[in-house]
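**Student:** Only the shape, not the letters, is given here:
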């Protein structure tokens, strides 16, 4: 009976947080994992200052080294309830592509925090979520800005290590994709590109005043499943309408994206996950914005 009750509890928790955690067609990690993150006492951390805009603890992260000389970096931000290890298979796969062997991957781990919409349970989360679903839910602006600050510190660390900002791509899935957009559009540095998978534009009523002078020039890839029941496709479309209509971020094609704007891909039948076609499209984007030198 104890085993049965535990199984039911795990299933229930997995159902609640599934909408912001990854599930790949080629490999299916659980939506909500009860495993402990891989213990790595010497795992690197980003150096961050402690102030009202920063988290009290530095971000820990997983690094997937480049196969050849390191000349570009992808920082990829996971979704709710996950950690950087959930995207390690993707980074490993991309690292073996002949056109991406020069890329180092940084996969940060979100701090554990209470999630209001999940009964206050602590789990890896980049910001609090007050309610699941909805097109215009109440947002945790303070938590989002703390994450933006910490992601900018990861970017700064790469620049300090002699990787130019235009050779750095920031990407993410779901909750991490929302943080990718917010960070990339407001960063003082012009990044090489943004990669948004199953995401949305946060702080839509405030972001216009926060935009950097580079926002309209940054190439961005956005992939979204038409059948996504969690971060719904109409939420993505509304985000795109705000980006174009209110913020002046133009649409782009694979042929014009290097000039700036959003290259949007919609995938029939794809739910809240990433599939091989989307990842192939993302590979092609990365090869354009951070090519081998």
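**Tutor:** Alright, I've got the coordinates. Just so it is clear, the structure is predicted and the values come from calculations on it, not from any experiment.

**Student:** My understanding was that residue 167 contacts residue 71; is that so?
**Tutor:** Yes - under the criterion of C-beta atoms under 8 Å, residue 167 makes contact with residue 71 at 6.4 Å. To be clear about C-beta, it is placed using only N, CA and C from the backbone, and glycine gets the same treatment.

**Student:** between the two, who's got more neighbours?
**Tutor:** residue 167 (22 against 17; other C-beta atoms under 10 Å).

**Student:** How many neighbouring residues does the closest residue to the more buried one other than its chain neighbours have?
**Tutor:** Take residue 167 and drop its neighbours on the chain: the residue closest to it by C-beta to C-beta, 6 or more residues apart in numbering is residue 72, 4.4 Å away. Using other C-beta under 10 Å, residue 72 has 23 other residues around it.

**Student:** For residue 72, give me phi and psi.
**Tutor:** Backbone torsions for residue 72, taken as degrees, to the nearest 10, come to phi -160, psi 160.

**Student:** wait, doesn't it sit right on residue 105?
**Tutor:** No - using C-beta under 8 Å, residue 72 is not in contact with residue 105; the gap is 10.1 Å.

**Student:** how about the longest helix along the chain: buried residues?
**Tutor:** Criterion DSSP state H: the longest helix present in the chain is helix 141-160. Using 16 or more other C-beta atoms under 10 Å as the test for burial, helix 141-160 gives 143-158.

**Student:** looking just at contacts, which helices and strands does it meet?
**Tutor:** Contacts defined by 3 or more C-beta pairs under 8 Å, 6 or more residues apart in numbering; DSSP states H and E place helix 141-160 against strand 72-77, strand 103-109, strand 168-173, helix 175-186.

**Student:** can you redo those as JSON lines with mean pLDDT and distance to residue 246?
**Tutor:** Output for these, formatted as JSON lines (pLDDT from 0 to 100; distance: least, C-beta to C-beta, whole Å):
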{"stretch": "strand 72-77", "mean pLDDT": "99", "distance to residue 246": "24"}
{"stretch": "strand 103-109", "mean pLDDT": "98", "distance to residue 246": "29"}
{"stretch": "strand 168-173", "mean pLDDT": "99", "distance to residue 246": "22"}
{"stretch": "helix 175-186", "mean pLDDT": "98", "distance to residue 246": "12"}
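
**Student:** can those go into JSON lines with extra columns for distance to residue 219?
**Tutor:** Conversion of these to JSON lines gives the following (distance: least, C-beta to C-beta, whole Å):
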{"stretch": "strand 72-77", "distance to residue 219": "13"}
{"stretch": "strand 103-109", "distance to residue 219": "16"}
{"stretch": "strand 168-173", "distance to residue 219": "9"}
{"stretch": "helix 175-186", "distance to residue 219": "10"}
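
**Student:** returning to what we had before: tell me what angle the longest helix of the chain forms with helix 175-186.
**Tutor:** 70 degrees (axes from the mean of the first three to the mean of the last three C-alpha atoms, to 10 degrees).

**Student:** who touches helix 141-160?
**Tutor:** 46-48, 53-55, 58-59, 61, 73, 75, 77, 106, 108, 110, 113, 126-128, 165, 168, 170, 178-179, 182-183, 186-189, 191, 202-203, 206 (C-beta atoms under 8 Å, 6 or more residues apart in numbering).

**Student:** quick one, what contacts the most centrally placed residue in the chain?
**Tutor:** The chain has residue 172 as the residue nearest its centroid, 1.5 Å off, counting by C-alpha atoms, centre = their mean. For residue 172, the contacting residues are 76, 77, 78, 79, 178, 179, 180, 195, 196, 197, 199, by C-beta under 8 Å, 6+ apart.

**Student:** I appreciate the help and will end here.
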